[in-house]
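Visitor: Let me see the structure of the following:
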Amino acid sequence: MDLGISALNYVSGIKNNEFTVEEFISKSLERINEVDKNLHAFLRINDFAIKNAKQIDSKIKSNQNVGRCYGMPISVKDNICIEGSKTTCASKVLENFIAPHTSTVVSRLHSEDSIIIGKTNMDEFAMGLSTEFSAYGPSKNPWNTDCVPGGSSGGSGVSVAANECIASLGSDTGGSIRNPASFCSVVGLKPTYGLVSRYGLVSYANSIEQIGPMTKTVEDSAFLLNIISGIDPNDNTTLDNKNQDYLSDIDSGISGKKIGIVGEMTNSDGLSTDVLNATNDATKTFEKLGANCEQVSLQMVPYTVAAYYTITSTEAGSNLARYDNVRYGYDLDSSGFEFNSYISQARSKFGPEVIRRMILGGFVPSAGHAGKYFLKALKVKSKLITEIKHVFEKFDFLISPTVPIQPFKFGEKINDPVSFMMVDINTVTANLTGIPAISVPYKITNGLPIGIQIMANHLEENSLLQAAYALEKTVDLPEVSI
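Guide: The predicted model follows:
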């Protein structure tokens, strides 16, 4: 049984009686037990997965209606709530927090008979880009376990790349789906802001974060997007996608399309030679497929990382205020504390990156500083949105490397916060502007993956997936050998 099959091939295999749901889930659990001691993709496994599989097999045998997922194992990032199970956000502060409700995305997966195989590791409260900031230890890149898998959805990327599940759901605030997708050689899609409900997602930066799929193929991302997208009465930021079928015409090709190569993302100081070569090669591939490629400038890009961290830290500081150990937290005797010192002590369980962003989030919008930092960041965001709007009047897509470098070794960047943050330079634009973006695996160089990012205009997921599919069909990458 091939655990590395795509979601669509899994469904076909179940329908053709090549294997049962129970057999596949059992093999997936064996795989997790075999490799996850080393990779640490999961924080928890679903103890009822086999029971769930038997129930779906029973429905299939008795010719009952079965959902589109047919019991496929899907992992979920541990900041997405499932009622009655732990949701820790990889933080000691929420070590024993039991979610009181189920997120909309998980409810929709359940309604289509998926099996949530487990909750995946992440940077604490999704604040990081390497999974080094998990309070429970980092996940490791299956291509080279000395290297980071990316973040903050690192565990999700690892679980898909290592064939521990068919697909995963992550969250993307500044590249947290696309970054690990590039580093782990899987497909990662950040949808248009509002296309997928955030109800049940533990908030980091509400105005720009988005849930999206991480999969083995572009078609699988389209398949999952069909299930999780659309209006949700529990989230008034959601958009009506008019029940679009993102799998429809996915093989239409990109002949005649105009593609802009973002100069500020392909000529930055931190761009590695191998990544640049892969991007140039991808550009030639797009041209062979019939697209017209030319350079384009987004002058705000050099300012986006600073604007992103200013805005998100401000929102995070507000969101994290609820963790005062009165409403959320853990058992801590309040005897001998006055109010402020008690909260300070309670918050000492936060990790260093969360504390850094809480302090920054308290400082930049404060009296005397808001005009100098926060309002300037909002101006950068506004100007970037205007730039993007004008560029998409001329181009169908924008492309760049997903990440300017390949996976780096543990500890290599963690002590240089500015250099560390600049790894996000190519991904934050899509979040600040709300447009959809996808990372497609393109090369394995020196044993490590390189992904190509494609961006499209608002709600243009159909054409975005067509472009990604066309590029994907030109590459033949090895599977990870772990």
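
Visitor: Just give the nearest non-adjacent residue to Ile228, would you?
Guide: Val105 (4.6 Å; C-beta to C-beta, 6 or more residues apart in numbering). (Each C-beta comes from the backbone N, C-alpha and C, glycine too.)

Visitor: Who are the packing partners of whichever strand or helix holds that neighbour?
Guide: In this assignment (DSSP states H and E), Val105 forms part of helix 104-111. Under the contact definition 3 or more C-beta pairs under 8 Å, 6 or more residues apart in numbering; DSSP states H and E, helix 104-111 sits against strand 115-120, strand 167-172, helix 218-228.

Visitor: For that helix, which outside residues touch it?
Guide: Identification of contacts with helix 104-111 by C-beta atoms under 8 Å, 6 or more residues apart in numbering yields 67, 69, 74, 76, 80-82, 102, 116, 169, 196-197, 199-201, 211, 227-228, 232, 234-235.

Visitor: Any chance of JSON lines for the helices and strands packed on helix 104-111, columns distance to Lys92?
Guide: Below are the helices and strands packed on helix 104-111 laid out as JSON lines (distance: least, C-beta to C-beta, whole Å):
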{"stretch": "strand 115-120", "distance to Lys92": "16"}
{"stretch": "strand 167-172", "distance to Lys92": "20"}
{"stretch": "helix 218-228", "distance to Lys92": "30"}
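
Visitor: closest one to Lys409 among those?
Guide: Checking the helices and strands packed on helix 104-111 against Lys409 by C-beta to C-beta gives strand 115-120 as the closest, at 21.7 Å.

Visitor: Deepest-packed of the helices and strands packed on helix 104-111, please.
Guide: The highest average neighbour count among those, using mean count of other C-beta atoms under 10 Å, belongs to strand 167-172 at a mean of 29.

Visitor: Which neighbouring elements make contact with the helix or strand just after it?
Guide: Next helix or strand after strand 167-172 toward the C-terminus (DSSP H and E): helix 178-184. The contact analysis (3+ C-beta pairs under 8 Å, 6+ apart) places helix 178-184 against helix 154-161, strand 187-190, strand 437-445, strand 448-455.

Visitor: Give me the buried stretch members for the helix or strand of the chain with the lowest mean pLDDT, please.
Guide: Ranked by mean pLDDT, DSSP states H and E, the weakest helix or strand in the chain is helix 339-346, scoring a mean of 87. Residues Tyr342, Ile343, Ala346 are the ones in helix 339-346 that count as buried (16 or more other C-beta atoms under 10 Å).

Visitor: I'd guess Glu30 is in a strand, am I close?
Guide: No - under DSSP: H, G, I helix; E, B strand; the rest coil, Glu30 sits outside any strand and is assigned helix.

Visitor: so what's it up against?
Guide: Glu30 makes contact with no residue, according to C-beta under 8 Å, 6+ apart.

Visitor: Kindly recompute the last result at 10 Å.
Guide: Residues in contact with Glu30 (C-beta atoms under 10 Å, 6 or more residues apart in numbering) are Leu3.

Visitor: per-residue confidence at it?
Guide: Among the per-residue scores, Glu30 holds a pLDDT of 98.

Visitor: what about the helices in the stretch 201-350 of the chain?
Guide: Along the stretch 201-350 of the chain, counting by DSSP state H, counting those that start in this stretch, helices occupy 218-228, 263-266, 273-288, 301-319, 339-346.

Visitor: before we move on, back to that, distance to Asn17 added to the buried residues of helix 339-346, as a markdown table?
Guide: Formatted as a markdown table, the buried residues of helix 339-346 follow (distance: C-beta to C-beta, whole Å):
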| residue | distance to Asn17 |
| --- | --- |
| Tyr342 | 60 |
| Ile343 | 58 |
| Ala346 | 55 |
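
Visitor: quick check, nearest of these to Ser91?
Guide: The shortest approach to Ser91 among the buried residues of helix 339-346 belongs to Ala346, at 12.3 Å (C-beta to C-beta).

Visitor: pretty sure that closest one contacts Leu320?
Guide: No - assessed by C-beta atoms under 10 Å, Ala346 is found out of contact with Leu320, at 11.8 Å.

Visitor: For the two, list the residues in contact with both.
Guide: Listed as contacting both Ala346 and Leu320 by C-beta under 10 Å, 6+ apart are Val93, Tyr328.

Visitor: Count the neighbours of the closest residue in space to Ala222 that isn't next to it in sequence for me.
Guide: In space, and not counting its chain neighbours, Ala222 is closest to Tyr246: 3.9 Å by C-beta to C-beta, 6+ apart. Using other C-beta atoms under 10 Å, Tyr246 is surrounded by 23 other residues.

Visitor: likewise the one 5 residues further on?
Guide: Residues near Asp251, counting by other C-beta under 10 Å, number 11.

Visitor: which residues does Cys89 contact?
Guide: 43, 77-80, 95, 97, 122-127, 134-135, 152, 202, 204, 323, 354 are the contacts of Cys89 under C-beta under 10 Å, 6+ apart.

Visitor: How far off centre is the least confident helix or strand of the chain?
Guide: In terms of C-alpha atoms, centre = their mean, to the nearest Å, the centre of helix 339-346 is found 33 Å from the chain centre.

Visitor: thinking again about what came up before, nearest to Glu34, out of the helices and strands packed on helix 104-111?
Guide: So among these, strand 115-120 is nearest, using C-beta to C-beta, at 14.3 Å.

Visitor: got the angle between that closest one and helix 104-111?
Guide: Note on geometry: by axes from the mean of the first three to the mean of the last three C-alpha atoms, to 10 degrees, strand 115-120 and helix 104-111 are set 150 degrees apart in direction.

Visitor: Starting from strand 115-120, tell me which strands it pairs with and how they run.
Guide: According to DSSP bridges, strand 115-120 forms sheet pairs with strand 42-45 (antiparallel), strand 73-77 (parallel).

Visitor: Please identify the deepest-packed of these.
Guide: Across the strands paired with strand 115-120, the average number of neighbours (mean count of other C-beta under 10 Å) peaks for strand 73-77, which reaches a mean of 29.

Visitor: what's the angle between it and helix 154-161?
Guide: Here the directions of strand 73-77 and helix 154-161 differ by 160 degrees (the same axes, to 10 degrees).

Visitor: Please identify the deepest-packed of the helices and strands packed on helix 178-184.
Guide: Comparing the helices and strands packed on helix 178-184 by mean neighbour count (mean count of other C-beta under 10 Å), helix 154-161 ranks first with a mean of 35.

Visitor: got a list of what Lys54 touches?
Guide: Thr20, Val21, Glu22, Ile25, Gly71.

Visitor: can you pull the buried residues of the strand or helix carrying the fourth one?
Guide: Looking back up the chat, that one is Ile25. Ile25 is located in helix 21-39, with elements delineated by DSSP H and E. By neighbour count on 16+ other C-beta under 10 Å, the buried set for helix 21-39 is 21-22, 24-29, 31-32, 35-36, 39.

Visitor: Just the endpoints, please. Distance across stretch 451-464?
Guide: Distance across stretch 451-464, first residue to last, is 15 Å (C-alpha to C-alpha, to the nearest Å).

Visitor: Return a ChimeraX selection command for the buried portion of the contacts of helix 104-111.
Guide: The buried residues among these can be selected in ChimeraX (16+ other C-beta under 10 Å) with this line:
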select :67,69,74,76,80,81,82,102,116,169,196,197,199,200,201,211,227,228,232,235
